[in-house]
Every structure is written in C-alpha cells, then in structure tokens.
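> predicted model and sequence follow; I will ask about them next.
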Amino acid sequence: MRGRRRFRGAVAAATAALLCGGVLSGCTSGGPAAEEATRAATTRPTPKPAPEREPLWDVSPSSVAAVGDSVTRAFDACDVLADCPEVSWATGTDTTVNSLALRLLGPAKVATRSWNLARTGARMAELPAQMTAAAAEKPELVTVMMGANDACRPTPDLMTPVADFRLSFETALARLRKGAPTAQVYVASVPDLKHLWSTGRMIPEGLEVWKLGICGSMLADATDLGPAAERRRATVHERVVAYNTVLRDVCAKDARCRYDGGAVFGFRFDGGQLSPWDWFHPSKDGQARLAELAYRRVTEE
C-alpha cells in the first residue's frame, strides 16, 4: 500500500513539473504575484510612435532676399555698363526670365516680399554686411551668389586667399543666423571662368571688349595659348574650384543651407547666354538659366 502511495505521489509530482514547465505561469515560484505581473504586461498600452520631425527645409518660402555681386544685379543684361535688377535670376520681375522669387512668390508678391541687396563689384569680404542687411528683412530664403570677383582680379596674385574667403563666408552665415535664425540659404557655386574664356574667345567682339580689362586674371591676352598664359588660367581655375569647396563645406554645416552641388559652375553658358556688351556677364537668357537651376534646387524634396 505504501508503495502505491509513493508511486501515485511521484506521478503527481512529475505531472506538476511538466505543467509548470509549459504555459501555466501560475506554477512559478511567484504564485499570485507572478500572475498579476503577467496580466499587467499583457494589458499595458502599446507606446505611440514618436512623431516625425518636421523637415527643416521649406520648398515654398514666402519671401526672398538676394545677396551677391553683379550677376545678381543683372549687370550688362539690358544696357551697357548698367545694372538691370528687373531681369535678375534671383528677384527679377521680368516674366521672360521668370526669376526664383517670381516662381516662388508670384507676380503679386515679388515686389513687396523680395529684396535685391547685391552690389556690382562686391567680393566675399562684403558678404557679412550684405547678410546683416538681409537678416533685417527677416526673409524665409536668402540666395547667395558671390566669389567671381574674388578670382577676377587684374592678376592672379591679387585673388582673395582661400582662408580669407572661408572666414568671410562663415562670418556672413553667422550674421544671418544672429538676425534671422530660421532663414534658409541657397548658395550658388562660382561660375567656371575658364569656360567663359573658352566660349568668349571665339567671338571677335568679345575679344575687343576684354582688352579693356575685364577679369584680367583669366581673360587677359585671351588668344595667347602659350605655356605661361595657360598656367595663369589654370591657377585661376583652381582657385575657383577651391572657393566652391569652401561654399560646399561651410554650407554643409548649417542645417538650413543648400549648396547647388556645383550646378552653376557646371553650366555651359553659350554665346546667346552671355551679355552682348561684355561677353562675360549673363544675358537675359543666361539669367533665366540661373533661375531654373536655383528653383530646381530650392524646391527639391
């Protein structure tokens, strides 16, 4: 009899062990407390996913301020030796150019919600002051096209040193952030001056105008293909590439800044897109091409 009881006790113990090893959590050493913990775990609400961060870049800004040099002032685009801001790629009102501001704001707002603060002849050292003026308008977008005059000096040794160029650009962005911290910035690359030389030197009228001293570092003795002239042009070209590297790298550190990726530098201006007065600055058609490049980058999702 005692043997049977021991046998039945062993079977009961083995069965209990099997059940506790399965899905019956009540057999754990915690007892009722463990059951309560299990119920709490199964009834706990599922955490809500974190809300998506709002993108820093707005593809439809409602105001535009432009800073820069003669290209943004559309110098020599309408008349000889004169600014023509109405056809500016950045803020112009001419519908044939269809400027960046005109595309973004529409004709009803472009006159009151855009500001052209560029100056013909300006170099990068002037950009901090222009940015301070732009920040005062509290624009949602600032366009920057600056640097060609830093390379276009009478001789290559007068070109702006790369370190100075960088310091001025960094200072300019800091000025903007101080006065307009949420403003977006579109930065255009410096045009390929060597390509402009290559295109314009084939135009007799251009050669005559260039003799007056336009961008001497690149365009002087435009028909000279000797080693010294080629080295001089290569030096200027390398400096432009270095300037564009600065624009790219400094802009990349600012979450609200977009560099054009070298689009302006890579654009192949032809004779019809250059001013018929100096064969160097963009014509109306050239301004329209710059507006297209800018709009494409600013509205890129």
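Cool, the structure landed.
> ok, which stretches of the stretch 1-150 of the chain are helices?
2-20, 32-43, 100-105, 127-136, 148-151 (DSSP state H, counting those that start in this stretch).
> same check on the stretch 201-301 of the chain?
In the stretch 201-301 of the chain, the helices defined using DSSP H, counting those that start in this stretch lie at 204-210, 216-219, 227-252, 263-266, 284-298.
> now these in CSV, with mean pLDDT and distance to Asp69?
Where C-beta positions appear, they are placed from N, C-alpha and C, glycine not excepted. Listed next are these as CSV, based on pLDDT from 0 to 100; distance: least, Cβ to Cβ, whole Å:
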stretch, mean pLDDT, distance to Asp69
helix 204-210, 92, 18
helix 216-219, 98, 15
helix 227-252, 98, 13
helix 263-266, 98, 13
helix 284-298, 98, 13
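> quick one: those as JSON lines, columns for distance to Thr155 and mean neighbour count too.
Supplementary listing: the helices of the stretch 201-301 of the chain in JSON lines, determined by distance: least, Cβ to Cβ, whole Å; neighbours: other Cβ atoms under 10 Å:
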{"stretch": "helix 204-210", "distance to Thr155": "15", "mean neighbour count": "16"}
{"stretch": "helix 216-219", "distance to Thr155": "6", "mean neighbour count": "22"}
{"stretch": "helix 227-252", "distance to Thr155": "8", "mean neighbour count": "17"}
{"stretch": "helix 263-266", "distance to Thr155": "22", "mean neighbour count": "18"}
{"stretch": "helix 284-298", "distance to Thr155": "27", "mean neighbour count": "21"}
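> minimum distance to Phe75: which of those has it?
Smallest distance to Phe75 across the helices of the stretch 201-301 of the chain (Cβ to Cβ): 10.5 Å, for helix 284-298.
> which strands and helices sit next to the closest one?
Secondary-structure packing of helix 284-298 (3 or more Cβ pairs under 8 Å, 6 or more residues apart in numbering; DSSP states H and E): helix 100-105, strand 141-145, strand 184-187, helix 263-266.
> which elements pack onto the second one?
Going back to what we said before, that points to strand 141-145. With contacts defined as 3+ Cβ pairs under 8 Å, 6+ apart, strand 141-145 has these neighbours: strand 64-68, helix 127-136, strand 184-187, helix 284-298.
> for Lys194, find the nearest of the ones you listed.
Judged by Cβ to Cβ, the one of those that comes nearest to Lys194 is helix 284-298, at 16.9 Å.
> and the closest one, how far from the chain's centre?
14 Å (Cα atoms, centre = their mean, to the nearest Å).
> run the angle between it and strand 64-68 for me.
Orientation of helix 284-298 against strand 64-68 (axes from the mean of the first three to the mean of the last three Cα atoms, to 10 degrees) gives an angle of 120 degrees.
> so how far is Gly106 from Met145?
23 Å (Cβ to Cβ, to the nearest Å).
> list the buried ones in stretch 70-90?
Of the residues in stretch 70-90, 70-78, 83-85, 87-90 count as buried by neighbour count, 16 or more other Cβ atoms under 10 Å.
> neighbour count for Met145 and Gly106, which is higher?
Per other Cβ atoms under 10 Å, whichever of Met145 and Gly106 has more neighbours is Met145, with 27 against 10.
> wait, the more buried one touches Leu100, no?
No. Counting by Cβ atoms under 8 Å, Leu100 is not a contact partner of Met145; they are 10.8 Å apart.
> could you measure from the residue sitting nearest the centre point of the chain over to Gly213?
The residue lying closest to the centre of the chain (Cα atoms, centre = their mean) is Arg258, at 1.5 Å. Taking Cβ to Cβ as the measure, Arg258 and Gly213 are separated by 35 Å.
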